[in-house]
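K.L.:
Have a look at this prediction, sequence included:
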Amino acid sequence: MSTQRGMNFVATAFQRTLLYLIVILIMLLYPLLEPPYLSGPRWLSVLMLPLLAYIILVLVQRYRRNALPPLEIGVGLFLLAFVPICLASLRGFAGEEAPRNYWTTVAACVLAAWLLNDLLSGAKYRSGWWGNIAKFAVPTIFSLTLLFLWEVLVRALAIPFVLLPPPTAIAQRLANSLPVLMADVNQTIFRSVLIGYALGCAAGFAAAIVADRFVFLRRGLLPIGNMVSALPIIGVAPIMVMWFGFDWQSKAAVVVIMTFFPMLVNTVAGLAASGHMERDLMRTYASGYWQTLVKLRLPAAMPFIFNALKINSTLALIGAIVAEFFGTPVVGMGFRISTEVGRMNVDMVWAEIAVAALAGSVFYGVIALVERAVTFWHPSIRGG
């Protein structure tokens, strides 16, 4: 018992000492004490730091026995206090590059975010209620840190927005162009991507069943699939536009070509994944080909099939957008990107990229959730 108490004391003392060191280092390194980077008199800026340190340490003492460890509270409060200061201080540079000492605070914020993510990834957050929160908190903090660095680097280094707009400018353009973006999403995703994705995956799955039934088809289709998968989109898209016209049908045809063979190859491999003992057992029960396929081989092939579905979810979006570069009505994500690049409206291009990335992530996430529900028996799902 005494040994356990000693270990707890050491752990608590280590956390408290580390928090003290963080606060002291920030007080020594924090550079934004001169106008125009902070408004107000200098003594108020200097007083703010020990006041913040005092608040952090009081919370450490107050919530020491709570479920949330004190070090995470201290680092989180530091980020909430100093990240807005770093962003607000960008207005004081007036288009000039930030002073050299400004980057010490930025580095301190990035290191604090790294420390918080490292703490939330520890063993204490791998189960329970806090563990579920940490699963979402860690990628959120990581993504916000990247956006923070993007914003600070572009504005503090005075990078022209034509070369790389900051996230705030992209978000503002996205908010002001919602009707245009929604029309592009409807044309590209809800017409070209979803229809082509459904047709391509369904056709690939059906062809895999037929190829599994007839050996000569399997030996003939798989080499063709490998060859077609290597075809460049920029070579196929103009041909599809000539065959099916400038509307969404030609883009859906490109998506069908891109999604057909990944589904075919993965499904054929999955149908061969069931073991010989299971197949022998089905034969002892006098099961025919279709009974064995439905009750044994297709369930065993589900991880392979969902792997193809997840791969195709990204291929379909890329194929539809690239295909719109070669002819489309005056609407669509690919059309908008190519047009706005010519007009030097780079913020609109990045807004389209952000919408495409968000749509692709949601699409992939939905398929992953369905996979967890269908293949709950698989070791990769039970272990995750």
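P.N.:
That came in fine, so what should we check first? Residues are numbered from 1 along each chain as shown.

K.L.:
Okay, domains of the chain per the record?
P.N.:
If you go by automatic domain parsing, the domain ranges for the chain are 2-159, 174-382.

K.L.:
Quickly, which of those bottoms out on average pLDDT?
P.N.:
Lowest mean pLDDT of the domains of the chain: domain 2-159, a mean of 66.

K.L.:
follow-up on the earlier one: could you dump the domains of the chain to CSV with distance to residue 166?
P.N.:
In this view, the C-beta of every residue, glycine as well, is placed from N, C-alpha and C. Shown next, in CSV, are these (distance: least, Cβ to Cβ, whole Å):
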stretch, distance to residue 166
domain 2-159, 4
domain 174-382, 9
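
K.L.:
Ok, which of those domains comes nearest residue 167?
P.N.:
domain 2-159 (4.9 Å; Cβ to Cβ).

K.L.:
winner for burial among the domains of the chain?
P.N.:
domain 174-382 (a mean of 18; mean count of other Cβ atoms under 10 Å).

K.L.:
Could you check the domains of the chain and tell me which one is nearest residue 168?
P.N.:
domain 2-159 (6.2 Å).

K.L.:
Minimum distance to residue 165: which of the domains of the chain has it?
P.N.:
domain 174-382 (4.5 Å).

K.L.:
got a list of what residue 247 touches?
P.N.:
Going by Cβ atoms under 8 Å, 6 or more residues apart in numbering, residue 247 touches 328, 329.

K.L.:
Over to residue 83?
P.N.:
With Cβ under 8 Å, 6+ apart, residue 83 has these contacts: 109, 148.

K.L.:
how much space between it and residue 139?
P.N.:
Using Cβ to Cβ, to the nearest Å, residue 83 is found at 18 Å from residue 139.

K.L.:
now residue 318
P.N.:
Applying Cβ to Cβ to residue 318 and residue 139 gives a distance of 23 Å.

K.L.:
Residues in contact with the regular element (helix or strand) spanning residue 198: which ones?
P.N.:
Here residue 198 sits within helix 194-213, counting by DSSP states H and E. The contact list for helix 194-213 (Cβ under 8 Å, 6+ apart) reads 217-218, 221-222, 248, 251-264, 267-268, 271, 289, 293, 305, 308-309, 312-313, 316, 319-320.

K.L.:
now, which of the residues you listed lie within strands?
P.N.:
With strands taken from DSSP state E, there is no overlap with the contacts of helix 194-213.

K.L.:
in the stretch 51-200 of the chain, which spans are helices?
P.N.:
70-89, 102-120, 128-156, 167-176, 178-185, 194-213 (DSSP state H, counting those that start in this stretch).

K.L.:
so which of those comes closest to residue 350?
P.N.:
Closest to residue 350 of those is helix 167-176 (Cβ to Cβ; 4.6 Å).

K.L.:
what's the closest residue to residue 120 other than its chain neighbours in contact with, if anything?
P.N.:
Once flanking residues are discounted, residue 120 sits nearest to residue 134: 4.4 Å by Cβ to Cβ, 6 or more residues apart in numbering. By Cβ under 8 Å, 6+ apart, the residues touching residue 134 are 120, 121, 125.

K.L.:
which one of these is nearest residue 358?
P.N.:
Using Cβ to Cβ, the contacts of residue 134 come closest to residue 358 at residue 120, 24.1 Å.
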